[in-house]
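>>> what follows is a predicted protein model with its sequence.
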Amino acid sequence: MVPTGEVDPAKITPEWLYHSRRQFLKAAGFLGASALLAAACGREEPITVPGEAQSLTPGARTAGKVDELGDQANTYEDITQYNNYYEFTTDKAGVAGLSKGFATSPWTVEVSGLVKKPTTFTIEDLLKFPQQERIYRLRCVEAWSMVIPWQGFPLNLVLQQVEPLPEAKFVRFETLLDADQMPGQKSRLYPWPYQEGLRLDEAMHDLTILATGMYGKPVLAQNGAPIRLVVPWKYGFKSIKSMIKIELVQDQPGTFWSTIAPEEYGFYSNVNPEVDHPRWSQATERRIGETGRRKTMMFNGYAEQVASLYKGMDLRANY
Ligand code: MTE
C-alpha cells in the first residue's frame, strides 16, 4: 500500500479532472505562490486562464487573483489599455499612448477647507500610509466592468489626520489642470478641471480608498497616476484620477458629469440596476474579457457594507 501523502493525485484522479482542478486552483489564485516561485526561478511561461482567449504576460501573473465574490481579476492589459480619461482623449484605446510621459513627480495633494489641520501631502508622504491590496469591481456607467487589484489605503486615514470640523459635510476632489500635458483639456466642451464629490460619511467609509498601485506596480498614467480615488459601489466616474486637491466643504459640491448633464449623472451615482440611465439600461453589464452579459448588482455587490448609508433615501430621486 502506498502511504497517504505520497499518492500522486494525477494517478488516482481521472486526468481531465486533475487538470481542470489545477486550472481552477490557478484561476482562483491558490497556486499563486508556486506561480510566483516559478517566476523567481526565471521561468517566464505565460499562464493561460480558463475562459480567457489570451494568455497572460509574465507581468500579469497575479491575474490569478479573485475578488470576494470569486470573480477573476482582469488582465493587466485589459486594465491599462481600455481607459476613460477625458483629460487625454475620449478614445478609450488612445489614453495609454497619449498619457505616456505624464509627469507625476513632484506631486502634492492639498487637503484643505473645513479642517482643523490643513495639510499639503507630497506623494512620498501619502505612500507612507499603510498600503494594502483591495481587489474591487469597477462598474462604468457605460455598462462595462472590470475587476482590478489595487494597492492603496483608506481615504479616512488622511481625513482623520487633518481633523474635519463639525461643519464639514461633503468632500470635494479635483484633478490636475495642465493642458500642456493633458491635450483633452484644450477642449472647451468640458468644464475643467475634473471634479468629484462624496458625502463625508461616504468618504470616511472603509471601502473608499486612495489607490497608488495596481497589480503590485505603481498606478500608470492612464489609470490616474500617481494617486486616484476608488469608490467601488459607485459608477466609475466617481473614482477621480490624478488628484491634486481634497477639500472639505459644507454644501454638496458640483461634479464634472453632473455639470455637463445633470439629468443623466447625479451626485450619488450609486450602482443601481433598477435605475436606468436615460439613454440605456443599467440592469446588465459586460465584463471586459467576457462575451456574455452579467446582471448588475445593487451597489455593485457591496450592498451589505454600504446600504445603511442610504437608509430612508429615495434612490430614484438621488440617482
Ligand atoms: N478621472 C478623471 N480625472 N478624468 C476622467 O475622465 N473618468 C472616470 C474615472 N475617473 C475619469 C476619471 C470614468 S468614466 C471611469 S469609468 C474611470 O475613471 C475609469 O478608470 P480606469 O480607466 O482606470 O478603468
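Thanks, I have it. Numbers count the residues shown, from 1 in each chain.

>>> next, count neighbours for Leu69.
10 (other C-beta atoms under 10 Å). C-beta coordinates here come from the backbone N, C-alpha and C atoms, glycine included.

>>> repeat that for Ala283.
Ala283 - counted by other C-beta under 10 Å - has 14 other residues nearby.

>>> nearest spatial neighbour of it, chain-adjacent residues omitted?
With sequence-adjacent residues excluded and distances taken as C-beta to C-beta, 6 or more residues apart in numbering, Ala283 is closest to Pro273, at 4.7 Å.

>>> how about stretch 281-299 and the ligand, touching?
No: Stretch 281-299 stays out of contact with the ligand when judged by C-beta under 6 Å from any ligand atom, the minimum separation being 9.1 Å.

>>> just the CA coordinates for that stretch, please, in CSV.
Provided in CSV are the C-alpha atoms of stretch 281-299 (Å, rounded to 0.1, in the frame of the first residue of the first chain):
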residue,chain,number,x,y,z
SER,A,281,-30.4,50.2,-19.2
GLN,A,282,-28.2,49.7,-16.2
ALA,A,283,-29.6,46.2,-15.5
THR,A,284,-26.7,44.3,-17.1
GLU,A,285,-23.1,44.8,-17.8
ARG,A,286,-20.3,43.4,-20.0
ARG,A,287,-17.3,42.3,-18.0
ILE,A,288,-14.3,43.2,-20.1
GLY,A,289,-12.8,39.9,-21.4
GLU,A,290,-16.1,38.1,-21.4
THR,A,291,-18.6,37.6,-24.2
GLY,A,292,-22.0,37.4,-22.5
ARG,A,293,-23.6,39.9,-20.1
ARG,A,294,-23.9,39.7,-16.4
LYS,A,295,-26.6,41.1,-14.2
THR,A,296,-25.6,44.3,-12.5
MET,A,297,-25.7,44.1,-8.7
MET,A,298,-27.1,46.7,-6.4
PHE,A,299,-24.3,48.9,-5.1
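
>>> gap between it and the chain center?
In terms of C-alpha atoms, centre = their mean, to the nearest Å, the centre of stretch 281-299 is found 16 Å from the chain centre.

>>> that stretch - what's its average pLDDT?
If you average the pLDDT over stretch 281-299, you get 96.

>>> ok, and what's touching that stretch?
With C-beta atoms under 8 Å, 6 or more residues apart in numbering as the test, stretch 281-299 has contacts from 51-52, 71, 74-75, 78, 82, 139, 141, 143-147, 233, 270-276, 303, 306-307.

>>> buried among those residues? Make that a PyMOL selection.
Buried members of the contacts of stretch 281-299, defined by 16 or more other C-beta atoms under 10 Å, are picked up in PyMOL with:
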select buried, resi 52+71+74+75+78+82+139+141+143+144+145+146+147+233+270+271+272+273+275+306
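
>>> can you narrow the contacts of stretch 281-299 to ones near the ligand?
Near the ligand, by the rule C-beta under 6 Å from any ligand atom, you find none of those.

>>> and the strands in the stretch 151-300 of the chain?
With DSSP state E, counting those that start in this stretch as the criterion, the stretch 151-300 of the chain has strands at 170-175, 195-199, 209-214, 217-218, 228-230, 243-249, 284-287, 294-295.

>>> may I have the second one as CSV, with CA atoms only?
Just to be clear, that refers to strand 195-199. Listed next in CSV are the C-alpha coordinates belonging to strand 195-199 (Å, rounded to 0.1, in the frame of the first residue of the first chain):
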residue,chain,number,x,y,z
GLN,A,195,-14.0,67.4,-10.1
GLU,A,196,-16.0,65.0,-8.0
GLY,A,197,-17.6,64.8,-4.6
LEU,A,198,-18.7,62.5,-1.8
ARG,A,199,-20.7,62.9,1.3
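
>>> near the ligand, which residues of the stretch 101-250 of the chain are found?
Checking the stretch 101-250 of the chain against the ligand by C-beta under 6 Å from any ligand atom, the hits are Leu138, Cys140, Thr175, Tyr194, Asn223, Gly236, Phe237, Ser239, Ile240, Lys241.

>>> can you name the residues that contact the closest residue to the second one other than its chain neighbours?
To tie it back to what came earlier, the one meant is Cys140. Once flanking residues are discounted, Cys140 sits nearest to Gly236: 4.2 Å by C-beta to C-beta, 6+ apart. The contact partners of Gly236, by C-beta under 8 Å, 6+ apart, come to Asn84, Leu138, Arg139, Cys140, Val141.

>>> again, but for Leu200
Counted by C-beta under 8 Å, 6+ apart, Leu200 has contacts Leu159, Pro164, Ala168, Lys169, Phe170, Val171, Leu248.

>>> what's the answer for Ala103, then?
Gln181.

>>> surely Gln81 and Gly94 touch.
No: if you go by C-beta atoms under 8 Å, Gln81 and Gly94 don't touch, sitting 9.9 Å apart.
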